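[1] Structure for the following, please:
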Amino acid sequence: MSRAVTETLDHPAGSPASSIISVRNLSMTRTRPTGEEVPAFEHLSFEVERGEFVCLIGPSGSGKTSVLSVIAGLERPSGGEVLVDGRPVTGPGPDRAVLFQEPALFPWLSVRGNLDLALRLADVPPDEREARAVTWLTRMAIERSADLQPHELSAGMRQRAALARALACDPLILLGDEPFGALDALARERLQDIVQGVRVERAGRTTFVFATHNVREAVLLADRVLVMSAAPGTLLEEFRIDAHRPRTLDDVLIARVVSEIHDLLISQVEEG
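    Alright, predicted model coming up:
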């Protein structure tokens, strides 16, 4: 039976033996234009198990994007460390792909060209590149737009192209920084459905970590939702989502967890 369980983070779920991502006592300090140093987030520790889907959610300024940037190797923390597959993160790597709110597609290349370049950079053999590109263009339902350039696509199709490019390279980890935040409601729902399907198809093969402001999206997609406090961000609570996929927001248990997380976030905003 589907159920949702709320737990505190005194003993984070996951164990080093099964974890692909280990965040250990992570802190980040930002420097304002005045020269004042302010903490973005402090002393974060959590594990992400191989094949798991985790969403980070919290008020604006809680540090969600910065946490993802550190995991991606795009930023260095002020303290603590991140391990991926047991190795310290010191920079970007092919084991991690990142989806941004604005798709980072090369505007001078076609959709197919964007995938081909990514596959070349990932050292995928030439005889595999075309097959992988076709597979993921078809999976994202954009095969008919393969020869178009990004500016010729709708915002939703551009994000589907970015998702196809990321998954074609078969990363161990897919990181998403509000990847659907700029889309209209219908395009966002379509991407959420696609990601749910990909999560089921690639169970155990790809680990997903998304940051989002959208509570419904987090509960719909994630195995666990980690709620962060207002700045400086700390981990408040963990919500484990044991509902079957594909999920819908009409599910009573999903709606209940959405309400619980929403109330927790509202309390953070009011306290801030």
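
[2] CA atoms for contacts and neighbours, from now on please.
    Noted.

[3] ok, now which ones touch the residue nearest the centre of the chain?
    Averaging the C-alpha coordinates of the chain gives a centre point, and the residue nearest to it by C-alpha atoms, centre = their mean is F210 (2.1 Å). Neighbour list for F210: F53, V54, C55, L56, L68, L175, G176, D177, E178 [criterion: C-alpha atoms under 8 Å, 6 or more residues apart in numbering].

[4] May I see the buried residues of stretch 221-231?
    By neighbour count, with 16 or more other C-alpha atoms under 10 Å as the criterion, the buried positions of stretch 221-231 are L221, A222, D223, R224, V225, L226, V227, M228, S229, A230, A231.

[5] Likewise for stretch 244-257?
    Judged by neighbour count using 16+ other C-alpha under 10 Å, the buried positions of stretch 244-257 are T248, L253, I254, V257.

[6] Is the second one in a helix, a strand, or coil?
    Classification of L253 by DSSP: H, G, I helix; E, B strand; the rest coil places it in helix.

[7] Before we move on, what's the pLDDT of it?
    According to the model's per-residue confidence, L253 sits at a pLDDT of 85.

[8] re the thing from before, secondary structure of the residue nearest to the centre of the chain: a helix, I assume?
    No: applying three-state DSSP, one finds F210 to be strand, outside a helix.

[9] Residues in a beta bridge with it, which ones?
    F210 forms beta bridges with C55, G176, as assigned by DSSP bridges.

[10] residue contacts, the closest residue in space to A162 that isn't next to it in sequence?
    With C-alpha to C-alpha, 6 or more residues apart in numbering as the measure, P103 is the residue that lies nearest to A162, at 5.8 Å, once sequence neighbours are left out. Listed by C-alpha under 8 Å, 6+ apart, the contact set of P103 reads R158, Q159, A162.

[11] Likewise for L191?
    Residues in contact with L191, defined by C-alpha under 8 Å, 6+ apart, are G156, R160, F180.

[12] how about the helices of the chain, start to end?
    Defined through DSSP state H, the helices belonging to the chain, from first to last, are 64-72, 111-121, 126-139, 155-168, 185-201, 215-221, 252-271.

[13] Please name whichever of those helices is nearest to S78.
    Proximity to S78 (C-alpha to C-alpha) singles out helix 64-72 among those, at 10.2 Å.
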